[in-house]
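[1] just the structure for this:
(2 chains)
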Amino acid sequence: MAEFNIRADAVDVEQIMQQIRSRIRDKRGVDYTEEQIQAMAGVKLEQFLDPRGVRSDMVAQFRSSRPTEPVPTFTFDDTTLYDSHRTVVRWIRRLLRPLLKLFFNPNPLIQALHIQATLNADTVARRDLDALYYEVMHNLVLEMTRLSIDVKNLKMRVESLSSRLDFNERRARALESVVQYRSTPEADRPAVEAAPAEPRSSEPRGAEPRGAEPRAAEPRAIQPRPEAAAGAAPEGPGQRSRRRRRRRGRRGTGTGQPASEPGGAPGGAGPASADEGHEPAEAGYAAGEAEHESPSPRDVPEGPDGGTPDSGDREP
Amino acid sequence: MKLAVVVQRYGADIGGGAELHARYVAEHLARHAEVEVLTTCARDYVTWRNELAPGVEVINGVPVRRFAVRAPRDPQRFGRQSELVFEHPHSVNDELAWLDAEGPASRTLIRYIEAHQDAYDFLLFFSFRYYHAYHGCRAAAPRAVLVPTAERDPAVGVGLFGPIFRGVRALMYNSHEEQAMLQAVSGNQAVPGVVVGIGSEIPDAVDPGRFRQKYGLNGRFALYVGRIDRNKGCDELFAFFQAYVRQASSPLTLVLIGQSVLPVPSHPQIRHLGFLDDADKFDALAAADLLIMPSYYESLSMVTLEAWALGRPVLANAHCHVLKGQCLRSNAGLYYADYQEFAATLRALESDGALRTALGDRGRSFFGRHYAWPVIEGKYLDLLGQLAREDRQAGGRRPHAIAPLPGWFARRAATLPPAREVLTRATAREAAASRPAPAIPREAHA
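    Residues are numbered from 1 along each chain as shown, chains lettered A, B, ... in the order given. Next comes the predicted model:
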């Protein structure tokens, strides 16, 4: 099956690329660049995360809560008060230190300033730690955003795969019933004899005579057909009445030919649609790409009620 | 009319895009004008070692005059200079040192051009980025026609080349993308220029069956032709292709033709055939289902044109503006920007015979309209004729049009921005200008 409707005189590469890209988007969801993920994590977090669980403005909050001015740091010990870069001054202060202590007690002042210096150093260390926390949380937010996108994409893929699985199961049932039909001895007999004994579900659709053009049995009659697939599915009242009408029609025609010959008339809806439904997926792109796509109605061998989706329209 | 083709290397057995381009142009123009080739004695583009004898020899009916290269290239020096010029602010002297380091530095060739330029009506300089083109264009500016063969690499942003692009008599571009890029970088819109490209010697008959039999290829295969190198995007191609055959369970084989610089992965569906002669190459192109061109930087890609000439579709790297533009103009190839697109486009081409045929047909007609030799020769001769008429009307030669180099102090001032930055800014300007309408009209849709 060709993926693109190509005419040799009218190829538009741009259009083909647009189709391919839109299919990739449909199949895989949207692929985001790193910058887009960053932007989403920073601004549109609520689109991907539960806003009650995670604050969408967390990154901004962290950024704004970080102080911009540097913390003043200094070292302080018991001689700092008397220190000087001038050796003479330092020597005089050292000389007069006992005299100074006669006027006031500098020790509490020295201790307080020493504690303050220690606190300042701790604050600086904590700020580095805060930066680390910020980075960790920022990365977590990014990862959560990325994971949310992955989850979203995976959900889409699971849905696609489950629909594909349903399709394959239906197809497998159809093929199994065809195999049963082939191996049944009744199938080899003339259809006139076999038809009344067969279950209704295995009755070939192509058995309808089209005017007075009876045809011999053809091997293609054992091709899988949608009607065969309907074996397990219950029939609706409309189908039964149609079947009754067909039988009446056969009796009324009276051509003497086996009315339910496999293969039937070439224009019959049954074999034609069956062939379509079981056409090998020669256009591998369509087949391969369909891994993640819902099956098209054309590929589905049977309708929801067990018949071909368009069988009703084709009934005479 | 007497023409000189000036190129860095020349020989019947010398490959390389620009060199082959120059040889084809020289041999085809020789049917309409008197052509002489001025080149160096080098054979190897990495070292520029003098391997051929200086003097005159005749190759395929065209006289070739060779000049010795002063010194082989020092790769380490060239690497250092490239790093400085491409990535850091630098001076004009740094750029001149970079050009010297790149080579092939042949002062005798430049002196010959200076002394004998009056003997030629025009001199066609190939590959703007080499020593011979820069100094040769300066030496013979009124007669210099440049075939830049420029790729989107930082060398385009080197400040030395701006005056050259603006000062030569005319430019023969390989593609519309190359023209747009050089105009964005240098603002040379006023200089006459025409998008010409290059034809190829396509054989009259090809035998794909012979190729398949010779190399034991039975199923469908995609072909890569060229140097197997990381610079050509081959590592990405290998990764993408292996992922594709694994995920899509594809029976497609990737066949590689060309010298390998990169290790080829050991994979049952990747076949490396080595370097093949032209007969095998064309048979391979005819036998292939499609050609893959993973390169990020191409000036034109002759093998892409050859694939189109043989009616084969092309899958190109969309990051290469030239290849993408060619695919869009020809409607004869698809392109990919990432793995998803690679897989989808390759799948489409592999599985859809009608698509392959339609693209191949468009490629064949595109090649015939724009790259057949009569078309190429006609474009060259038209432009050269127009320049000759201008000269006659002006009553003689134009004055030297290339801006001189700055003075002693200005040459040493590190005021030039990094070449990569120049290219990036030009690319942004180019994107902002966004001229979507190519000069070649799109294929008429029935």
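[2] residues contacting B:Ala388?
    For B:Ala388, the contact set (CB atoms under 8 Å, 6 or more residues apart in numbering or on different chains) comprises B:1, B:121-122. C-beta: built from backbone N, CA, C; applies to glycine.
[3] any idea which of those residues the model trusts least?
    Least confident of the contacts of B:Ala388 in the model: B:Met1, at 88.
[4] just give the nearest non-adjacent residue to it, would you?
    Once flanking residues are discounted, B:Met1 sits nearest to B:Ala33: 4.2 Å by CB to CB, 6 or more residues apart in numbering or on different chains.
[5] could you tell me the end-to-end distance of stretch B:292-304?
    End-to-end distance for stretch B:292-304, by CA to CA, to the nearest Å: 9 Å.
[6] and the residue of the stretch 51-200 of chain A found nearest chain B, how many neighbours?
    Chain B sits closest to A:Asn153 of the stretch 51-200 of chain A, with a gap of 11.9 Å, by CB to the nearest CB. By other CB atoms under 10 Å in any protein chain shown, 15 other residues sit near A:Asn153.
[7] picking that back up, mind giving me the PyMOL command for buried ones among the contacts of B:Ala388?
    Per 16 or more other CB atoms under 10 Å in any protein chain shown, the buried members of the contacts of B:Ala388 correspond to this PyMOL selection:
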select buried, chain B and resi 121+122
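[8] distance check, the closest residue to chain A within the stretch 251-400 of chain B against B:Leu252.
    Per CB to the nearest CB, the residue of the stretch 251-400 of chain B with the smallest distance to chain A is B:Ser351, at 3.4 Å. Distance check for B:Ser351 against B:Leu252: by CB to CB, to the nearest Å, it reads 10 Å.
[9] go on, B:Asp13?
    From B:Asp13 to B:Leu252 the distance is 33 Å (CB to CB).
[10] could you do A:Lys152 as well?
    A:Lys152 is 32 Å from B:Leu252, by CB to CB.
[11] cool, and B:Gln259?
    24 Å.
[12] near chain A, which residues of the stretch 101-250 of chain B are found?
    B:248-250 (CB under 8 Å from any CB of the partner chain).
[13] can you check the stretch 251-400 of chain B too?
    So the stretch 251-400 of chain B meets chain A at B:327-328, B:330-335, B:338, B:340-341, B:344-345, B:347-348, B:350-355, B:357-359, B:361-362 (CB under 8 Å from any CB).
[14] just the buried ones from those residues?
    B:327-328, B:330-335, B:340-341, B:344-345, B:347-348, B:350-352, B:354-355, B:358-359, B:361-362.
[15] coming back round to it: what pLDDT does the model give the residue of the stretch 251-400 of chain B closest to chain A?
    Confidence for B:Ser351, expressed as pLDDT, is 89.
[16] now it: phi and psi?
    Phi and psi for B:Ser351, reported as degrees, to the nearest 10, are phi -100, psi -20.
[17] same thing with B:Tyr336?
    According to degrees, to the nearest 10, B:Tyr336 has phi -140, psi 150.
[18] again, but for A:Asn105
    Torsion angles, degrees, to the nearest 10, at A:Asn105: phi -100, psi 110.
[19] and B:Glu51, by the same measure?
    phi -110, psi -20.
[20] which one is it nearest to, not counting chain neighbours?
    Distance criterion CB to CB, 6+ apart; nearest residue to B:Glu51, sequence neighbours excluded, is B:Arg43 at 4.4 Å.
[21] quick check: domain ranges of the chain?
    Assuming you mean chain A. Domain ranges of chain A: A:34-171, A:269-300, per automatic domain parsing.
[22] other chain: chain B
    If you go by automatic domain parsing, chain B breaks into B:2-199+B:373-433, B:208-370.
[23] quick one: those domains as CSV, columns for distance to A:Ile115 too.
    What follows is the domains of chain B, written out as CSV (distance: least, CB to CB, whole Å):
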stretch, distance to A:Ile115
domain B:2-199+B:373-433, 50
domain B:208-370, 59
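[24] pretty sure B:Ala332 sits against B:Leu315.
    No - judged on CB atoms under 8 Å, B:Ala332 makes no contact with B:Leu315 at a distance of 10.9 Å.
[25] can you give me the strands in the stretch 51-200 of chain B?
    B:55-59, B:62-67, B:122-126, B:144-147, B:170-173, B:193-195 (DSSP state E, counting those that start in this stretch).
[26] for the chain, which spans come out with low pLDDT?
    Went with chain A since none was named. By pLDDT under 70, the weakly predicted segments of chain A are A:1-9, A:27-73, A:180-316.
[27] wrong one, chain B
    Using pLDDT under 70, chain B drops low at B:396-400, B:434-446.
[28] elements contacting the longest helix belonging to chain A?
    Criterion DSSP state H: the longest helix present in chain A is helix A:107-183. Helix A:107-183 sits against helix A:13-28, helix A:34-42, helix A:58-65, helix A:226-229, with contacts defined as 3 or more CB pairs under 8 Å, 6 or more residues apart in numbering or on different chains; DSSP states H and E.
[29] what angle do it and helix A:13-28 make?
    100 degrees (axes from the mean of the first three to the mean of the last three CA atoms, to 10 degrees).
[30] I'd like to know how far B:Arg215 sits from chain A.
    For the record, residue B:215 is Tyr, not Arg. 24 Å (CB to the nearest CB, to the nearest Å).
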